[in-house]
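**Student:** can you look at this prediction? I've put the sequence above it.
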Amino acid sequence: MLSSQISSFISTPPIKLSPATSPASIRPLLPANSTDLHPKDLRRRKHSRCSLTFIFTHTKAGSANKFHAWNHCSQGITTSGRTQTSSLGLRRSPATMETRSGDATESTFRPTVLLTNDDGIDAVGLQYLAQLLVAANRYRVLVCAPDVDNSGVSHSITWRRAVSAKKVEIKGASAYAVSGTPSDCASLGVSGALFSGLVPDLVISGVNIGNNCGYHIVYSGTVAGAREAFLSGVPSIALSYDWVGGKSNVQDLKLAVELCLPVINAVLNELKNKTYPKGSFLNIDVPTDVTNHKGFKITKQGTYMIRIGWKQTSLNTPAIASYQTANLEGTFMDTEMDVVSDPVQDQFLFKRVISRIGFGEKDDEDTDYRSLQNGYITITPLGALSLTEIEDVTYFKDWLRHLVDHSASSSSL
């Protein structure tokens, strides 16, 4: 049922939308001869940091966690607690854009979209997505993302200390760099505490480099950002591009961002019509060969996983280069030099290493990773509950009966 509801707004069979034939309305960042652009023309600038900084701590309100704002001088900041209805008819605060037609002034409501990620606020994937949404001039764009790379932190949260939110400059958007995890950023961004009572209509987490399929969804900070918004009652999408070293470049990443815009618009349209299912959020992965993708496909989570082992080392260095360290030629460079650690008695250093890539027996052609490798842009509806294996439930019911019988017989001895 859920798959059919989601399929209805992206059509079936899978849609083919190539960069060459994309409508101009979804290609505001690239000129007509974009295929001739050199990656150096897409240079990423470091964004200037403003001096405005807020400090936030968790507070309890009923059964929900809320944020309380303080500035760096520990003086309370008053934020609006009012909840309004947005142009989409949701429990949101509205954003308006005024246009003049003759002597009349027309007010057009724009949905509010919050961006977050796990690669950090300076990651090019998030920057491209922000630029695309701002250039479309159809959305109010908010950004609340980690101030440093938080890849692979899963759904961890900051509880024992306050987090800071520092104003940063992203043209056309209201943006903050937060000293927390992706889940912190999503939670803070939708709480109303950071953006003066404004709550987004949609949260988008990404665009991540590297796919987030199979069991990697458990580890993904990108997916966790979307999941946290979903848990807070805000519709959300996680976006990832299947970056492959030696094949991918930033132009591919930029095209991957563009290809996701029709889905974003479709979700917002469904929200406006109140026909969007509330029981899930979406995890979208774009294949490596962006220009030759086979279209969108609804998939299910598989069991794909890169198995990780451990190796003793004397070097204190990152095991895997981060997305944020990708240079404009599409290769990776370490941001830290290998540091030889002084030996300490009874202390050892270990680093993660890739051991093998594995699939489960149940992974068919409709699972996320297999479909991604077959060239589809995969759309996987996800929830927050762990799925129960029916056959295992039957086993454990029988196991529990034997356990109770065994305990009864043991107590009588």
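**Tutor:** Received the coordinates, thanks.
**Student:** quick one: low-confidence residue ranges for the protein.
**Tutor:** Residue ranges of the chain with pLDDT under 70: 1-54, 56-108, 316-343, 356, 359-361, 407-413.
**Student:** try 50
**Tutor:** Residues of the chain that meet the criterion pLDDT under 50 lie in 1-5, 9-13, 15, 17-51, 62-66, 68-87, 89-91, 93-107, 319-337.
**Student:** can you give me the strands for the stretch 51-200 of the chain?
**Tutor:** Under the criterion DSSP state E, counting those that start in this stretch, the stretch 51-200 of the chain carries strands at the ranges 64-71, 95-101, 104-110, 112-116, 140-146, 163-168, 173-178.
**Student:** now V143. Nearest residue, chain neighbours left out?
**Tutor:** Leaving aside its chain neighbours, V143 sits nearest to A175 (3.6 Å; criterion: C-beta to C-beta, 6 or more residues apart in numbering). In this view, the C-beta of every residue, glycine as well, is placed from N, C-alpha and C.
**Student:** next one: V223
**Tutor:** Closest to V223 by C-beta to C-beta, 6+ apart is A238, at 4.6 Å.
**Student:** how about A177?
**Tutor:** According to C-beta to C-beta, 6+ apart, the nearest residue to A177 is D147 (3.9 Å).
**Student:** for the stretch 151-300 of the chain, which segments count as helices?
**Tutor:** 182-191, 216-219, 221-231, 250-259, 261-272 (DSSP state H, counting those that start in this stretch).
**Student:** let me know which of the ones you listed is tucked in deepest.
**Tutor:** Stretch with highest mean neighbour count among these: helix 182-191 (a mean of 29; mean count of other C-beta atoms under 10 Å).
**Student:** distance check, L255 against L271.
**Tutor:** Distance of L255 to L271, given as C-beta to C-beta, to the nearest Å: 26 Å.
**Student:** no, scratch that, I was asking about V203
**Tutor:** Distance of V203 to L271, computed by C-beta to C-beta: 12 Å.
**Student:** pretty sure the residue nearest to V223 sits against N212.
**Tutor:** Yes - under the criterion of C-beta atoms under 8 Å, A238 makes contact with N212 at 6.5 Å.
**Student:** quick check: neighbours shared by those two?
**Tutor:** Between them, A238 and N212 share these contacting residues under C-beta atoms under 8 Å, 6 or more residues apart in numbering: S220, T222, V223, N283.
**Student:** V267 against L282, yeah?
**Tutor:** Yes - in this structure, V267 is within contact of L282 by C-beta under 8 Å, at 7.3 Å.
**Student:** what touches both of the two?
**Tutor:** Common neighbours of V267 and L282 (C-beta under 8 Å, 6+ apart) are I237.
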